[in-house]
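**Q** Return atomic coordinates for the entry below.
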Amino acid sequence: MLRKFKITIDGKEYLVEMEEIGGVPQPVTPVPPVAAAAPMPEPQPAAPTPAPSAPVVSTGDTQGALEAPMPGTIFKILVNVGDTVKTNQPVMILEAMKMENEIVATQDGTVKAIHVSQGAMVNPGDPLLTIS
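**A** This is a model prediction of the structure:
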């Protein structure tokens, strides 16, 4: 049995013909007509709920802050404000796609501010912490 389908992809319509092979034809059962019913009321849109904002440990200057390399959730913060860190020392764990990724210090210095907290969701480029 040859069947025709009209498919729209990215706003462009395509007419596709498909042949059913090896299938057992199923009997078609007619659908009884539906009696005119009262129109259903349109659902009322739900009040928009504000998205939970990530708690911010420090709202200070984020100029020169270490930035998130990918979207994810802050799984663990390994340093505190005032800690001295060395280049390539892990400072936090970022969970992305069920993988734990170490975020490492890009320079030697002291942690001046932490801009995220554990459990916060971040996007690429979001400031994580400042080392100077």
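**Q** OK, contacts around the closest residue to Asp126 other than its chain neighbours?
**A** Among residues not flanking Asp126 along the chain, Ala68 sits closest, at 4.6 Å (Cβ to Cβ, 6 or more residues apart in numbering). For glycine as for every other residue, the C-beta is placed from the backbone atoms N, C-alpha and C. Going by Cβ atoms under 8 Å, 6 or more residues apart in numbering, Ala68 touches 94, 103, 122-128.
**Q** hmm, 7 Å instead?
**A** Taking Cβ atoms under 7 Å, 6 or more residues apart in numbering, we find Ala68 in contact with 94, 122-126, 128.
**Q** Mind giving me the PyMOL select for those, buried ones only?
**A** Burial among the contacts of Ala68 is assessed by 16 or more other Cβ atoms under 10 Å; the matching PyMOL selection reads:
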select buried, resi 94+122+126+128
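**Q** I'd like the contacts of Ala68 as JSON lines, with pLDDT appended.
**A** Formatted as JSON lines, the contacts of Ala68 follow (pLDDT from 0 to 100):
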{"residue": "Leu94", "pLDDT": "94"}
{"residue": "Val122", "pLDDT": "94"}
{"residue": "Asn123", "pLDDT": "94"}
{"residue": "Pro124", "pLDDT": "92"}
{"residue": "Gly125", "pLDDT": "92"}
{"residue": "Asp126", "pLDDT": "93"}
{"residue": "Leu128", "pLDDT": "93"}
